[in-house]
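> turn this into a model:
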Amino acid sequence: MTKKYLVLLSAILLLSSMTYAQFVTPLSSISGPAEVIKLDGSTIKGKIKYASFGPNGMMSFMLLDEQGNKNKFKASDIEQLKLKVDGLAKIEIIAEQSSNIKKLANSNFSEVVEREYIYWKRVKHPTKDKYLLLQLLNPGFDDKIQVYDMPNARSGETSSGNIGISGNEATAYYVVKDGNTLIIRKKKYKKQDFGVLFNDCPKITENNKADFKYFAEHVFFYNELCK
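Residues are numbered from 1 along each chain as shown. A predicted model of the protein is given here:
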């Protein structure tokens, strides 16, 4: 193969993979094997027994450690929580993705099969002097931009009979780039936020529409091809 052909083939494969780039499904209940990293850097392994969630992300959780001790944590105590995707977590991902017609049509169920870990990380609030424990939504393409769930920024749901038609879709995310936390909003994406995030990479701005529904692909593209 010529060098030109190899470059073209690589580009085609990358663009094909971008078609399937999507964020992890946000979870509202968790259990199973986990690893906790505290603020002091110490690590505890065990099993999550329950967790409490609120409008600003995870609030607290209880972990049964390998010695059988119960450890209760507040979100403010934690640097990172890594949860292994066991059967219960996969069931919730499927339930979340298939809870209405629109999301069912757009679901990528390979996420359920291939995803091994889900992460919650300590994130500085963009405008307040506090930190949140939020679910990372783009593991695997998060080297340069990290996208986090914003639980209080989801659309309402409409229904037809007993079936949901749309709703519970993200209208905004917390995003960390270069150590700074931003709020990226659907309403401002086309006119403002697309440029705020990607103006330093013409490969994205010159070849992609500033459409919020392609946000995951834009983040993936930036991670793979931009400095």
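> for the chain, which segments count as helices?
3-18, 87-97, 101-106, 110-114, 186-188, 194-198, 202-205, 215-225 (DSSP state H).
> residues making contact with the fifth one?
If I follow you right, that is helix 186-188. Here helix 186-188 makes contact (Cβ atoms under 8 Å, 6 or more residues apart in numbering) with 170-172, 212. Placement of C-beta: from N, CA and C, glycine included.
> just the buried positions in that helix, please.
The neighbour-count check on helix 186-188 (16 or more other Cβ atoms under 10 Å) flags K186 as buried.
> remind me which residues of this protein are low pLDDT?
1-20, 86-115, 155-168 (pLDDT under 70).
> center of it - which residue?
L137 (0.8 Å; Cα atoms, centre = their mean).
> burial count for the closest residue to that one other than its chain neighbours?
In space, and not counting its chain neighbours, L137 is closest to F23: 3.8 Å by Cβ to Cβ, 6 or more residues apart in numbering. If you count neighbours by other Cβ atoms under 10 Å, F23 ends up with 21.
> need the residues that contact the top strand by length along the chain.
The longest strand of the chain (DSSP state E) is strand 43-54. With contact meaning Cβ under 8 Å, 6+ apart, strand 43-54 is reached by 28-38, 58-66, 70-71, 81, 83, 151.
> Produce a ChimeraX select command limited to the buried residues of these.
The ChimeraX selection below is limited to those of the contacts of strand 43-54 classed as buried (16+ other Cβ under 10 Å):
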select :30,31,32,34,35,36,37,58,60,61,63,71,81,83,151
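> of the contacts of strand 43-54, which belong to strands?
Short answer: these in strands (DSSP E) are 32-38, 58-65, 70-71, 81, 83.
> so the spatially closest residue to D193 that is not a sequence neighbour bridges to which residues?
Once flanking residues are discounted, D193 sits nearest to I184: 4.7 Å by Cβ to Cβ, 6+ apart. Per DSSP bridges, the residues bridged to I184 are Y173.
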